[in-house]
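# no FASTA, just this:
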């Protein structure tokens, strides 16, 4: 592999520890027994996709579940279940980003949503010592802000155009097979992040 000039990082599973089964369990405890078919590591039904693309509000997301439950659950309970997957920053990885920033142009590209963004942003200073995530990258792209999501090709094309990058000079690091396959098909160099790996171990 030729040395890249640019690196695009995923967030969850790369720079931040997540545990999707905790959210699945949280929704099941609220009585949503079909949640595993609706949301998992490989699939998100339209409600979750619309939330991740910023096309519905936080309250609309809650209201959909409240209606499904026959008003048995509250917005607070849904938020707790939805945020249960959020564990902690990989502090050593976050602290390695300024080192990488001196060697490459580095970017963040995350499928997320306003609920999760608010939750992990609230803890960044306490967990890492940095005031915000965006300042650690040349630019950070969040799906709910740009109304696009991985693995759709349009989000990759958007980042290339907006940042002025060449795909053949860009390494994309993600923990999702679907996202890696999409980036490969578009001509990026890729690295599938394994659960045991950390970015500071990759020899970048």
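Everything's here; your move. Fair warning: this is a prediction, and the values are worked out from it, not measured in the lab.

# show the model's pLDDT score for residue 155.
If you check residue 155, the pLDDT there is 99.

# which outside residues touch the worst-scoring helix or strand of the chain on mean pLDDT?
None of the helices or strands of the chain scores lower by mean pLDDT, DSSP states H and E than helix 35-38, at a mean of 88. For helix 35-38, the surrounding residues in contact (C-beta atoms under 8 Å, 6 or more residues apart in numbering) are 24, 27, 28, 32, 43, 44, 45, 47, 48. C-beta: built from backbone N, CA, C; applies to glycine.

# and of those residues, the nearest to residue 65?
Nearest to residue 65, judged by C-beta to C-beta, of those is residue 32 at 7.0 Å.

# which residues touch that closest one?
38, 65, 68, 69.

# do I have it right that the last one meets residue 31?
Yes - with contact taken as C-beta atoms under 8 Å, residue 69 and residue 31 are classed as touching, separated by 6.2 Å.

# if we can go back for a sec, the contacts of residue 32 in strands, which ones?
Among these, DSSP state E puts none in strands.

# for the residues you listed, pick the one with the most neighbours.
residue 65 (22 neighbours; other C-beta atoms under 10 Å).

# which residues of the protein fall in helices?
20-29, 35-38, 46-52, 58-68, 75-83, 91-101, 114-122, 124-128, 143-146, 153-163, 177-185 (DSSP state H).

# burial measure for residue 118, as a count.
Applying other C-beta under 10 Å, we find 12 residues neighbouring residue 118.

# what does the one 4 residues further on give?
Residue 122 is surrounded by 9 other residues when neighbours are defined as other C-beta under 10 Å.

# contacting residues around it?
Residue 122 touches nothing, counting by C-beta under 8 Å, 6+ apart.

# and it, how close does it get to residue 83?
11 Å (C-beta to C-beta, to the nearest Å).

# okay, now the domains of this protein?
Domains of the chain are assigned by automatic domain parsing as 6-17+88-201, 20-83.
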